[in-house]
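# Okay, sequence plus prediction incoming.
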Amino acid sequence: MKLLVDIGNTRVKWALWTGKDFQFAGVVAHGDFSAAAWQELPAADSAWAASVASAQLNDRLADAARERFGLTVRFVRSSAEACGVRSAYAQPERLGVDRFLALVAAHAQAREPTIVASCGTALTLDALAADGMHLGGLIAASPHLALAALRGGTANLGAAAAGRIVEIADNTADAMESGAWLAAVALIERFVEQAAKRFGGMPALVLTGGGATRLGELLAIPHRIDAELVLRGLAVMADNGG
């Protein structure tokens, strides 16, 4: 089995990949991660990771893999081409590895025009053609980050409580919550619309990240949710030797 680890901006997620499915999945916040988190895992024969976090956290994870399994972690990087996906970036290493692996997973699952929308700390959008060509994407603040910026950057909004999501709000809490989430929804729907013009038809839409479920409840266009898209892409890379 392969140990797969997705180190995001705030959390560390992992699972053992059998070649067919994930087992012994787990997740902790950055500050809570140590080798003890893997104490109950069975032995793995290799370790693969994707990280958008600090070098210090990467080093902690590498030390934990050596301590617990006696393995050296292979950190996957974005590249110009891998597993049928070709990056639109002139400097492909600048495309976040989480975005690249999500595209790898989406392409492995279905050879069709696809939009991947990931809502975590950031909201990222990427367009992928049926032949694996990445058209490019967008990066915006996620609703969580937008709300934190509003509370931290404005004198009168910092104390606002969490609100409801409504189309037209009549109080500050609802206005903030609705503005942050509906802005994300509008950006996704616009991105899909523009990509459809490039593709000559409506693409599939895949949502991932911690905010995927809530976004899905608000979107008016068909979509599916895959919370483990980055890990699935990492599994494809690991099965193909990176």
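Received, thanks.
# Tell me if I'm right that Ala44 and Phe69 touch.
Yes: between Ala44 and Phe69 there is a contact under C-beta atoms under 8 Å: 5.4 Å. In this view, the C-beta of every residue, glycine as well, is placed from N, C-alpha and C.
# which neighbours do those two share?
Contact criterion C-beta atoms under 8 Å, 6 or more residues apart in numbering; residues shared by Ala44 and Phe69: Leu3.
# Can you show me the strands along this structure?
Ranges of strands in the chain, per DSSP state E, are 2-7, 11-17, 22-29, 46-51, 73-75, 81-82, 85-86, 114-119, 122-128, 134-141, 204-208, 224-225.
# Show me what the last one is packed up against.
Using 3 or more C-beta pairs under 8 Å, 6 or more residues apart in numbering; DSSP states H and E as the contact test, the elements touching strand 224-225 are strand 204-208, helix 212-218.
# Okay, domains of the chain per the record?
Following automatic domain parsing, one gets these domains for the chain: 2-75, 81-234.
# how about the ones you listed in a markdown table, adding mean neighbour count and distance to Asn240?
Rendered in a markdown table, the data for those read as follows (neighbours: other C-beta atoms under 10 Å; distance: least, C-beta to C-beta, whole Å):
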| stretch | mean neighbour count | distance to Asn240 |
| --- | --- | --- |
| domain 2-75 | 16 | 11 |
| domain 81-234 | 18 | 6 |
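# Helix or strand with the lowest mean pLDDT in the protein?
helix 143-153 (a mean of 89; mean pLDDT, DSSP states H and E).
# which residues are in contact with that helix?
The contact list for helix 143-153 (C-beta under 8 Å, 6+ apart) reads 119, 121-123, 141, 157-158, 160, 176-177, 179-181, 183-184, 210-211, 214.
# about what we covered before: can you redo the helices and strands packed on strand 224-225 as JSON lines with distance to Val28 and mean pLDDT?
Formatted as JSON lines, those follow (distance: least, C-beta to C-beta, whole Å; pLDDT from 0 to 100):
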{"stretch": "strand 204-208", "distance to Val28": "19", "mean pLDDT": "98"}
{"stretch": "helix 212-218", "distance to Val28": "20", "mean pLDDT": "96"}
